[in-house]
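Trainee: sequence unknown, structure follows:
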């Protein structure tokens, strides 16, 4: 539960709208206070833009307000206002933060989550959603629940596949060899690009623009909205459709927070989250396409590549990872079964 500042309370009392409409005024907060409980929702994504986190959040809060008759609310703390996002998992476990959205930050606690960031398991956002709604998502959610003091409320999309952005065109798998590419500081990300012959450089996100500008890295990998929002296209003009990772995001809530709710409000919250997931998924493909169009208008050149060849290079990771983390084997098998792939 949170105590609002005097300024926040005045904004709430004034009846001003939140979400996208409030963004134009750059108000201090995004969300809605609850009469009985107001949750903190932490994110590194910008507070006042439409992104993978805020699109879910806005729908979730609206549904939650309706289903709990205004008793339960939430405020979105974007722009890493609550500190580095990779620390949020510890806050969730401790009960000092109520909700977050980036599931990859839990990998040090739940290493089995790394199965989602092994390259070339999925071919589209919709395929990812169907798979995660099945046995793979259920099994991984159960593993998560067992190893944490939190709960996965559903599987959202990130806004598009992750592709490779470089200064020099990457047209064939051989062109990746030796390229210094910024990747997330995650073992599966690093190993994926090592197997592709690249030189992966784990790096904090706030260092990427200058590193690209100064030549410390040759490129990076990310989805179109992120490339657009952070203007990486200003320095690197080539975008290769590797579509190597369709990693889902997930609304996560602290067990400590759930225990504060009545059984009826717990059910209402889970239903609100399900509606938020459904709505957010519908927006993801359109957001990615729109961002890509804008990038092209800004001079970005796009290139196709032989994904089958890239997939074959990365397959050894699928086996080595699940050998190291046996509990992830049924998750991987469910993914491969649902996508029609083999080891």
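Mentor: Good, I have the coordinates. The shown structure was predicted, so the numbers you read here are calculated from the model rather than taken from an experiment. Numbering: from 1, shown residues only.
Trainee: now do the same end-to-end measure for stretch 79-92.
Mentor: The straight-line separation of the ends of stretch 79-92 (CA to CA, to the nearest Å) is 18 Å.
Trainee: quick one: the strands in this structure?
Mentor: Here the chain has its strands, by DSSP state E, at 31-32, 37-42, 72-77, 99-100, 150-152, 162-166, 180-183, 199-202, 219-222, 238-245, 252-254, 301-303.
Trainee: Would you mind giving the ones you listed as a markdown table with mean pLDDT and mean neighbour count added?
Mentor: C-betas here are computed from N, CA, C, even on glycine. Listed next are the strands of the chain as a markdown table, based on pLDDT from 0 to 100; neighbours: other CB atoms under 10 Å:
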| stretch | mean pLDDT | mean neighbour count |
| --- | --- | --- |
| strand 31-32 | 96 | 24 |
| strand 37-42 | 98 | 22 |
| strand 72-77 | 98 | 25 |
| strand 99-100 | 98 | 26 |
| strand 150-152 | 98 | 23 |
| strand 162-166 | 98 | 25 |
| strand 180-183 | 96 | 22 |
| strand 199-202 | 96 | 18 |
| strand 219-222 | 97 | 26 |
| strand 238-245 | 98 | 22 |
| strand 252-254 | 98 | 24 |
| strand 301-303 | 98 | 14 |
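Trainee: how about TSV for these, with distance to residue 260 added?
Mentor: TSV is the format used below for the strands of the chain (distance: least, CB to CB, whole Å):
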stretch	distance to residue 260
strand 31-32	17
strand 37-42	6
strand 72-77	9
strand 99-100	13
strand 150-152	14
strand 162-166	36
strand 180-183	38
strand 199-202	37
strand 219-222	37
strand 238-245	35
strand 252-254	9
strand 301-303	48
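Trainee: Out of the ones you listed, flag the one nearest residue 311.
Mentor: With respect to residue 311, and counting by CB to CB, the nearest of the strands of the chain is strand 238-245 at 8.9 Å.
Trainee: Can you name every helix or strand that that closest one contacts?
Mentor: Applying 3 or more CB pairs under 8 Å, 6 or more residues apart in numbering; DSSP states H and E, one finds that strand 238-245 makes contact with strand 162-166, helix 187-195, strand 219-222, strand 301-303, helix 307-324.
Trainee: May I have the strands that pair with the third one, each with its orientation?
Mentor: Partner strands and pairing direction for strand 219-222 (DSSP bridges) are strand 162-166 (antiparallel), strand 180-183 (parallel).
Trainee: got a list of what residue 343 touches?
Mentor: Applying CB atoms under 8 Å, 6 or more residues apart in numbering, we find residue 343 in contact with 315, 318, 319, 336.
Trainee: Just among those residues, which is most surrounded?
Mentor: When neighbours are counted by other CB atoms under 10 Å, residue 318 leads the contacts of residue 343 with 23 neighbours.
Trainee: per-residue pLDDT, it?
Mentor: According to the prediction, residue 318 has pLDDT 97.
Trainee: would a markdown table of the contacts of residue 343 with distance to residue 269 be doable?
Mentor: What follows is those, written out as a markdown table (distance: CB to CB, whole Å):
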| residue | distance to residue 269 |
| --- | --- |
| 315 | 40 |
| 318 | 35 |
| 319 | 39 |
| 336 | 33 |
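Trainee: Among those, list the two that are farthest apart in space.
Mentor: The two members of the contacts of residue 343 with the most space between them (CB to CB) are 319 and 336, at 11.3 Å.
Trainee: Contact partners for the closest residue to residue 311 other than its chain neighbours?
Mentor: Leaving aside its sequence neighbours, residue 311 sits nearest to residue 120 (CB to CB, 6 or more residues apart in numbering; 4.1 Å). Neighbour list for residue 120: 244, 245, 307, 310, 311, 314, 315 [criterion: CB under 8 Å, 6+ apart].
Trainee: Low-confidence ranges, this structure, go.
Mentor: Applying pLDDT under 70 to the chain flags residues 1-28.
Trainee: Let me see the contact set for the residue positioned nearest the centre of the chain.
Mentor: The chain has residue 249 as the residue nearest its centroid, 3.8 Å off, counting by CA atoms, centre = their mean. For residue 249, the contacting residues are 52, 53, 56, 101, 102, 103, 155, 156, 157, 158, by CB under 8 Å, 6+ apart.
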